[in-house]
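# generate coordinates for the sequence data below:
(chains A, B, C and D)
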Protein chains: 2
Amino acid sequence: MKKTRIGDIAKRSGVSLATVSRYFNQPQLLSAQTREKIEAVIRELNYSQDNLARILAMGKSNLIGVVFPHLHLSFYAELLNQLIDQGNRKNYSVIVYTSRASAEDELALIKTLLSYRVKGLVLLSHMLSPGTLESFDVPVVSIERRGGNYRQINSDNFTGGKLAGEKLIRDGCGAFVHINNGYHEDWPSFKRILGFEYAVRERPYELIVEQGMTNPYSREAGAIMSRLVRNVAEKYAREKVGVFCSNDDLASLLQRECIKQGLAIPGRIEIIGYDNSPVSDYPITSVAQNISLMAQLAIESLDNYIPHESVVPATLIEKETTGRGSE
Amino acid sequence: MKKTRIGDIAKRSGVSLATVSRYFNQPQLLSAQTREKIEAVIRELNYSQDNLARILAMGKSNLIGVVFPHLHLSFYAELLNQLIDQGNRKNYSVIVYTSRASAEDELALIKTLLSYRVKGLVLLSHMLSPGTLESFDVPVVSIERRGGNYRQINSDNFTGGKLAGEKLIRDGCGAFVHINNGYHEDWPSFKRILGFEYAVRERPYELIVEQGMTNPYSREAGAIMSRLVRNVAEKYAREKVGVFCSNDDLASLLQRECIKQGLAIPGRIEIIGYDNSPVSDYPITSVAQNISLMAQLAIESLDNYIPHESVVPATLIEKETTGRGSE
DNA sequence: TTGAAAGCGCTAACAG
DNA sequence: CTGTTAGCGCTTTCAA
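Residues are numbered from 1 along each chain as shown, chains lettered A, B, ... in the order given. Sure thing, here's the model as predicted:
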């Protein structure tokens, strides 16, 4: 049982192959009559297009390549979700990869993507240098990554961090902690720290960086967080502590640990996460990134590609790990 | 700046186009000399293959199509992770979709996948009937889904449920609850319920089904769980309650709610989840599905396709939401 | 409105 | 070992 091709339906409906092709691509050019004839045969033979051949002939696909560091962070999972959904609206299909161990491997991976003639690349991986990204001859959009001469979509990290700080101050916290699992001054997310530090300036403040919590669900991360909470509780015994975490998963881990150690939330300690991804929709106060807008912008910037940075607003979503403020 | 093709490098190195093709596909056939010559030019011209053309010429791709219901469940996110990784070993690329609203739409989506000549389909969606799945002319593997004449990969759900039940009994629970967000007797996961019920037979037992918790991270799910915990605590005031949840995310939600309502874990209530996905690696006792094995089997069954069911073992991973047993 | 024919970039007989 | 050539299935001038 061979695959039915455009030629088969051409023959069967007594028109030329080109006409059938037009049926799909420029139906206005066809007489209503031929159109119906073709339609009937297509249905009859249960034909469906071969996108591969189509792409080859046309030169560009509507496959889009996406590279995530991994999918263990709820922000990533949700963004992928949204990218797929937004892509679907434009009939794009998403090929997804997770990051490799070395820049070299990652480059190979992207070359594979390119070998499928992807229409564009959406990257959340940190592995490749801006220079490399600029060298691809398809649209490249980075999300929450270092900048360069390509399309960047970032959330308003500074404001996000600032909102978090201000909220914790309003709630009467006397000591402030930011927990991060590793940052780089070039990354947009670094501005979260700056924003937070700006808000809490001249108050007791501490920046804690723990690379071991890159996967917040690992046993290691649990152990680290446990120790960390103990230290913080001991160190700031008299004032309420306001903690801002670089992502929700970390915040969630922190919350669990506080509960375990009997620190009242939000009485003794307040927690604010970042992302407001569905996984944390309930009940952790978080700075929301508007993930769906980011996905939409990413997808839409693929056609009509203009390298530049977009900053999407960040908003504080108050839930149960912070207080009522003091207004 | 045109794309460099196989022909360009043929010309430049003074061999025929076919020879260059062989360089990639059957290098043993070439003399070391030509091989080197070609290699040099490839490097010089920075050539990289066009997989699309390749697939078209060869007839089959190494794209594989994956359809998930969504990515909000940690089991899904992790499985996708593994599928990508396992696929990479064989140089497959994964096109991922999330389920559509209707069977019709979902079929269209799969047709799109097929139009890219995917080598096979890995499905976690429930939308399509077995009959439909059987009708595709590429290998189809379903994971934890209803059976049919295709490759199925399921975990040993009955044993999994049974292990959970037995553990709770050992730990001295006097009342048993299973919380599920919707099931169907045809689904493999239904056997989790059977296994659990078998283990706790003739003891106080209750099955709670709440469709509203399909996305355990929704506000709605939070509200439902809150009410549910209250009811359970009230109803079983004298005996320790053993709760088995149909997935880890639900278990995690339950844990949080118990803590909030002041029910000691594992003193007053014990919790066992299902999946043991990384998201729950810490600290919820869970029945592990061996997700990476499932992914591996799925990927490997794509070549040398033999429709049948594989059942991968389920094991109980004891963590902090259950007690020490009583042996 | 329609058809003929030349590609898209690569592979795979077949012949040498 | 290597070259010639005919496709893979579709799109797109160009001409009619």
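# direction included, what does the host helix or strand of residue A:311 pair against?
According to DSSP states H and E, residue A:311 maps onto strand A:309-312. For strand A:309-312, the paired strands and their directions (DSSP bridges) are strand A:151-155 (parallel).
# any residues touching the helix or strand just after the strand it pairs with, and which ones?
Per DSSP H and E, the first helix or strand lying C-terminal to strand A:151-155 is helix A:157-170. Residues from elsewhere that reach helix A:157-170 (Cβ atoms under 8 Å, 6 or more residues apart in numbering or on different chains): A:176, A:188-200, A:203, A:242, A:244, A:270, A:272, A:274, A:285, A:287, A:289, A:313-316, A:318, A:322, A:325-327. C-betas here are computed from N, CA, C, even on glycine.
# helix A:157-170: what's the following helix or strand?
strand A:175-180.
# so how far is that next one off the chain centroid?
Put simply, strand A:175-180 sits 24 Å off its chain's centre (Cα atoms, centre = their mean, to the nearest Å).
# packing partners for it?
In this structure, strand A:175-180 packs against helix A:190-199, strand A:205-209, helix A:219-235, strand A:241-245, with contacts taken as 3 or more Cβ pairs under 8 Å, 6 or more residues apart in numbering or on different chains; DSSP states H and E.
# tilt between the last one and helix A:219-235?
So that's strand A:241-245. In terms of direction (axes from the mean of the first three to the mean of the last three Cα atoms, to 10 degrees), strand A:241-245 departs from helix A:219-235 by 150 degrees.
# buried residues in strand A:241-245, which are they?
For strand A:241-245, burial by neighbour count (16 or more other Cβ atoms under 10 Å in any protein chain shown) applies to A:241, A:242, A:243, A:244, A:245.
# with pLDDT and distance to chain B added, can I get those residues in a markdown table?
Listed next are the buried residues of strand A:241-245 as a markdown table, based on pLDDT from 0 to 100; distance: Cβ to the nearest Cβ, whole Å:
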| residue | pLDDT | distance to chain B |
| --- | --- | --- |
| A:241 | 97 | 19 |
| A:242 | 98 | 21 |
| A:243 | 98 | 18 |
| A:244 | 98 | 21 |
| A:245 | 97 | 16 |
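# quick one: which two of those residues are the most distant?
A:241 and A:245 (12.5 Å; Cβ to Cβ).
# any idea how far residue A:104 is from the closest residue to residue A:78 other than its chain neighbours?
Excluding the flanking residues, the one nearest residue A:78 by Cβ to Cβ, 6 or more residues apart in numbering or on different chains is residue A:277, at 4.4 Å. Relative to residue A:104, residue A:277 is positioned 31 Å away (Cβ to Cβ, to the nearest Å).
# now residue A:254
For residue A:254, the distance to residue A:104 - Cβ to Cβ - is 36 Å.
# related to what we said a few turns ago, so which of the helices and strands packed on strand A:175-180 is the most packed in?
Mean neighbour count (mean count of other Cβ atoms under 10 Å in any protein chain shown) peaks for strand A:241-245 among the helices and strands packed on strand A:175-180, with a mean of 29.
# got the angle for it vs helix A:157-170?
Using the same axes, to 10 degrees: strand A:241-245 against helix A:157-170 is 160 degrees.
# so what does strand A:241-245 touch, helix or strand wise?
Looks like strand A:241-245 contacts helix A:157-170, strand A:175-180, helix A:219-235, helix A:248-260, strand A:269-275 (3+ Cβ pairs under 8 Å, 6+ apart).
# among the ones you listed, show me which one is buried the most.
Buried most deeply of the helices and strands packed on strand A:241-245, by mean count of other Cβ under 10 Å, is strand A:269-275, with a mean of 28.
# so what's the gap between the helix or strand following it and the chain middle?
Using DSSP H and E, the next helix or strand after strand A:269-275 towards the C-terminus is strand A:286-288. Put simply, strand A:286-288 sits 14 Å off its chain's centre (Cα atoms, centre = their mean).
# strand A:286-288 close to chain B?
No. Judged by Cβ under 8 Å from any Cβ of the partner chain, strand A:286-288 and chain B are separated, with a smallest distance of 12.1 Å.
# tell me which parts of chain A are close to DNA strand C?
For chain A, the contact set with DNA strand C under Cβ under 7 Å from any atom of the strand comprises A:14-19, A:22, A:29-31, A:33-34, A:53, A:56-57, A:59.
# point out where chain A drops to low pLDDT.
Residue ranges of chain A with pLDDT under 70: A:1, A:279-282, A:325-327.
# quick check: the gap between the closest residue to DNA strand D within the stretch 101-250 of chain A and chain B.
In the stretch 101-250 of chain A, the residue that lies nearest DNA strand D is residue A:117 (12.2 Å; Cβ to the nearest atom of the strand). Here residue A:117 is placed at a distance of 5 Å from chain B (Cβ to the nearest Cβ, to the nearest Å).
# adding distance to residue B:70, write the helices and strands packed on strand A:175-180 out as TSV.
Conversion of those to TSV gives the following (distance: least, Cβ to Cβ, whole Å):
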stretch	distance to residue B:70
helix A:190-199	28
strand A:205-209	33
helix A:219-235	25
strand A:241-245	25
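# closest one to residue A:304 among the ones you listed?
Closest among the helices and strands packed on strand A:175-180, using Cβ to Cβ: helix A:190-199, at 27.5 Å.
# helices or strands next to that closest one in the packing?
By 3+ Cβ pairs under 8 Å, 6+ apart, helix A:190-199 packs against helix A:157-170, strand A:175-180, strand A:205-209.
# isn't residue A:38 right next to residue A:21, touching?
No. Counting by Cβ atoms under 8 Å, residue A:38 stays clear of residue A:21, with 10.3 Å between them.
# that'll do, ta.
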